[in-house]
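In: sequence unavailable; structure follows:
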């Protein structure tokens, strides 16, 4: 590209690309896309975005295209990579002037310089850092700021590289420029502190901005730039200096009000100081040891004494508490149980901690956390009144302790209490003692204190296990408090029910549960939603259905009403979770009460079209509902089947969220289905794309296919087997060994359920099974499955086995008899690969089915067949102690109805189908003992006494003796 003529053309197209009119915009974007790989294009872009006279939007777009180009074409190995000459020119152009007037564009330029630095610095771009260091020294305010901004982004990017060689380069860079970075930061910080009282807001803000940027650079260098930072005096000097600087900045905040333009930047700087300490502690716990004492003194004084009054703000308090928490909980500072096994560094840190956390200090921290930080604030109480749902949702969250005050104080309390429970347990017990009996509803402060103490007792439940007689406390104190109806008592009632929820899995006598259920029923009838949402401890280990049943109807009805009342998505999910737990716990007893829920769920599903997580909760509820309803779930099909259809259709966007639960629902629907319906059969069209995905859901998919085979094998196989067989053939090419076994088990099931149709439908798969046996598949579990599949064909569809043998003989270019002989030999040889007793018996039955035979090959293998048969007898025969005779333990009869104990789930429809199938399966209906006797007798009749005798002589005498023992009485 000729630069001058090209600049005009590119400028024109960039201007069109900023248009709001798509007719102009689209062609321009296409043209720019074509130019991306043209030599000289990025030089033109550089000229455009560094020309401050042009339109801002055009320059902004030029920067973005340049930045994207670095990602795609800057590396030497990239397709259409930029030439080294052009890159050299671009690098020089990027750092010629740091005078970009527009903040947003300046930030983008800094980011793109950092991107180039990541790939080229220092080897191809040694001049970058020296140029930046010179530029941040200049007196011109704009140039100085832009250079500092770039310096920060370059440092941040280089610090993030993780390969050993890159780390080494960054260590070298850090040690080279650390001194300069420190003095730069000190200079800007001192300038700010001098100017802050001058009243010149613009100058104050400007120097504060530089202080912040230079501190950001130092943070990256300090945390990532040294292997053993405690050995570097400058680093440790900077870190120790942070505490003094923090005090100065906090004092400044006393005089800078919340409406001051500098306030936001000032708070950011204060927080950045604490981030330096937190990051350093996280990355270098032992190097942090000399700072432990000071960090604890500083944090505790500002958070738990009057020193912090008037200067602290919420985010700062959170950071200080996190610093205390990280020191308290740090594993590097915890000695082994055997002190001698701990490193000197660990013992040193532990000693400093122990010296700081004295009894008075711990007591004061504990009391302040509970009586000051745990108190509900005016805003929280107002929110409680105005938006109870929002209040409940607000409280939860995974990492919220890192940023929000209430979760942060609670997590700090838990960690300190856990670490120093022997010291703090008496303190908390004493607080409990002072709160016995009901509290005067007029004394709001006393109610709030009680709420805070109860919160502490709930959080410390596991630590207080041996110190609190919770059952007595529940009866004498907590239960009466739940019955106080006064409006002001509401927060406390909510806290009590939450507290019981915390303790129920720790220590709560089973006999007291009915009293608790009674209380919860009363609470759920209260219109104030909040504590309703935190109730119902059914999801725990000690739950007993018989205790819960008397309250089931009331509870279920009230929970259902609550589900309809609430509006927040998160709240509906929470209530659905509780409902699901109830349904899961009481199982079939739920049937009389679910009518209302069944009618409401379709409406909720429709309303939640935009909320996939709520839809996941509905799917989970439906799973438990179908399990509870059993065969009656067929009445839900008009709603249930379209839901399964949508959730498991990979062409529909929601499947990303719904697929896993949707497949689970599909499976339980099949397991509980009394009979197949055309609609249920139709959903299987979704399966083929699911098998192509071959994701972690494959196992569930195979279970679903088995479900259809058990439910309606003939109809299902006739409709879908061809496509399914095709999918299986594709899968078997690329799947793991375990996956192959899963596929073959499905085939084995189809052969077991439908011995006539099954082999025909899965005919394309059987040759590879046959080949696997002949070639001696090396994985035992795969070989076992191959023999299981072939055993079914041989035993239950002899004519199909003959045609398969014929086909394989052609492929192997062998005689059928010879191939059969090889197969029997391999079968006998690899019998030990089969571990399941059913398959071992199947193998014996299958090979015995070849008898009687005058075929010389089969007679040649007679000894092996008898060996396997006797092994099979050893597997399945049990001695009747009364008669001293043997019987086949795998035989089943219609008369045996297994007893379902109370703890066991009642059998699903699929369990019943499997039982019926077993009653037709030769493995469970044919006595192996009888079968061997009949086959041997038939062989004897075929060959005559003498021929049979000479055949038996090929068998080991020990085996013959065992066989005779098993066949006594025949």
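Out: Nice, I can see it. Keep in mind that what you see is a predicted model, and the values were worked out from it rather than measured. Numbers count the residues shown, from 1 in each chain.
In: in the chain, which helix or strand is least confident?
Out: helix 529-533 (a mean of 48; mean pLDDT, DSSP states H and E).
In: skip ahead from that one and say which helix or strand is next.
Out: helix 545-565 (DSSP states H and E).
In: buried residues in that following helix?
Out: 547, 548, 551, 552, 554, 555, 556, 558, 559, 560, 562, 563 (16 or more other C-beta atoms under 10 Å). In this view, the C-beta of every residue, glycine as well, is placed from N, C-alpha and C.
In: buried residues in the helix or strand just after that helix?
Out: Under the assignment DSSP H and E, the closest C-terminal helix or strand after helix 545-565 is helix 569-586. Across helix 569-586, burial judged by 16+ other C-beta under 10 Å covers 569-576, 578-586.
In: which SS class is residue 464?
Out: Following DSSP: H, G, I helix; E, B strand; the rest coil, residue 464 is assigned to coil.
In: helices along the stretch 851-970 of the chain, start to end?
Out: Along the stretch 851-970 of the chain, the stretches classed as helices by DSSP state H, counting those that start in this stretch are 856-860, 862-876, 909-918, 922-925, 928-952, 957-966.
In: try the stretch 351-500 of the chain
Out: Counting by DSSP H, counting those that start in this stretch, the helices of the stretch 351-500 of the chain are 359-368, 378-386, 388-395, 405-419, 421-433, 444-459, 470-473, 479-482, 490-503.
In: for the ones you listed, which one sits closest to residue 35?
Out: Taking C-beta to C-beta, helix 388-395 is the member of the helices of the stretch 351-500 of the chain nearest to residue 35, at 49.7 Å.
In: quick check: residue 644 touching residue 669?
Out: Yes: with contact defined as C-beta atoms under 8 Å, residue 644 and residue 669 form a contacting pair (6.6 Å).
In: can you pull the contacts of residue 757?
Out: 713, 714, 717, 718, 721 (C-beta atoms under 8 Å, 6 or more residues apart in numbering).
In: quick one: it from residue 712, how far?
Out: Residue 757 sits 12 Å away from residue 712, going by C-beta to C-beta, to the nearest Å.
In: nearest residue to residue 212 in space, please, no chain neighbours.
Out: residue 269 (5.1 Å; C-beta to C-beta, 6 or more residues apart in numbering).
In: pLDDT wise, what is the nearest residue to residue 236 once chain neighbours are set aside at?
Out: Distance criterion C-beta to C-beta, 6+ apart; nearest residue to residue 236, sequence neighbours excluded, is residue 230 at 6.2 Å. pLDDT for residue 230: 94.
In: what does the one 10 residues further on give?
Out: We note a pLDDT of 96 for residue 240 in this prediction.
In: same for the strand or helix carrying it, what does it pack against?
Out: Assigned by DSSP H and E, residue 240 belongs to helix 233-255. If you count contacts as 3 or more C-beta pairs under 8 Å, 6 or more residues apart in numbering; DSSP states H and E, helix 233-255 packs onto helix 164-195, helix 201-224, helix 263-283, helix 289-304.
In: most packed of these?
Out: helix 201-224 (a mean of 22; mean count of other C-beta atoms under 10 Å).
In: ok and that one relative to helix 263-283, angle-wise?
Out: Helix 201-224 and helix 263-283 meet at an angle of 10 degrees, taking axes from the mean of the first three to the mean of the last three C-alpha atoms, to 10 degrees as the criterion.
In: and the angle from helix 201-224 to helix 164-195?
Out: Computed by the same axes, to 10 degrees, the angle between helix 201-224 and helix 164-195 is 150 degrees.
In: helix 201-224: how far from the chain's middle?
Out: 38 Å (C-alpha atoms, centre = their mean, to the nearest Å).
In: could you do stretch 604-622 as well?
Out: 20 Å.
In: try stretch 58-78
Out: 35 Å.
In: just use 331 as the starting number from now, easier for me
Out: Got it, the first residue is 331 from now on, which makes the last one we talked about stretch 388-408.
In: quick check: the gap between residue 825 and residue 769.
Out: 12 Å.
In: my bad, residue 661
Out: The gap separating residue 661 from residue 769 is 41 Å, by C-beta to C-beta.
In: neighbour count for the two, which is higher?
Out: Of the pair residue 661 and residue 769, residue 769 is the one with more neighbours under other C-beta atoms under 10 Å, namely 21 against 7.
In: about what we covered before: make JSON lines from the contacts of residue 1087 and add neighbour count to it.
Out: What follows is the contacts of residue 1087, written out as JSON lines (neighbours: other C-beta atoms under 10 Å):
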{"residue": "1043", "neighbour count": "21"}
{"residue": "1044", "neighbour count": "12"}
{"residue": "1047", "neighbour count": "22"}
{"residue": "1048", "neighbour count": "12"}
{"residue": "1051", "neighbour count": "21"}
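In: in helices only, show me those residues.
Out: 1043, 1044, 1047, 1048, 1051 (DSSP state H).
In: buried deepest among the helices of the stretch 1181-1300 of the chain, which one?
Out: Buried most deeply of the helices of the stretch 1181-1300 of the chain, by mean count of other C-beta under 10 Å, is helix 1192-1206, with a mean of 21.
In: for residue 952, give me its contacts.
Out: Residue 952 touches 931, 966, 970, 973, 995, counting by C-beta under 8 Å, 6+ apart.
In: make it 6 Å
Out: residue 995 (C-beta atoms under 6 Å, 6 or more residues apart in numbering).
In: do you know how far it is from residue 582?
Out: On the measure of C-beta to C-beta, residue 952 and residue 582 end up 59 Å apart.
In: one more: residue 1015?
Out: In terms of C-beta to C-beta, residue 1015 sits 69 Å off from residue 582.
In: state the distance from the residue nearest to residue 647 when sequence neighbours are not counted to residue 1076.
Out: Nearest non-adjacent residue to residue 647, counting by C-beta to C-beta, 6+ apart: residue 633, 5.5 Å away. Computed as C-beta to C-beta, the residue 633 to residue 1076 distance reads 62 Å.
In: can you check residue 734 too?
Out: Distance from residue 734 to residue 1076, by C-beta to C-beta: 50 Å.
In: so where's this structure shaky on pLDDT?
Out: For the chain, applying pLDDT under 70 flags the ranges 331-334, 718-728, 856-872, 1024, 1214, 1224-1234.
In: count of residues packed around residue 426?
Out: 10.
In: quick one: residues in contact with stretch 650-665.
Out: Outside stretch 650-665, the residues that touch it by C-beta under 6 Å, 6+ apart are 611, 615, 622, 625, 629, 632-633, 672, 676-677, 679-680, 738, 742, 745-746, 749.
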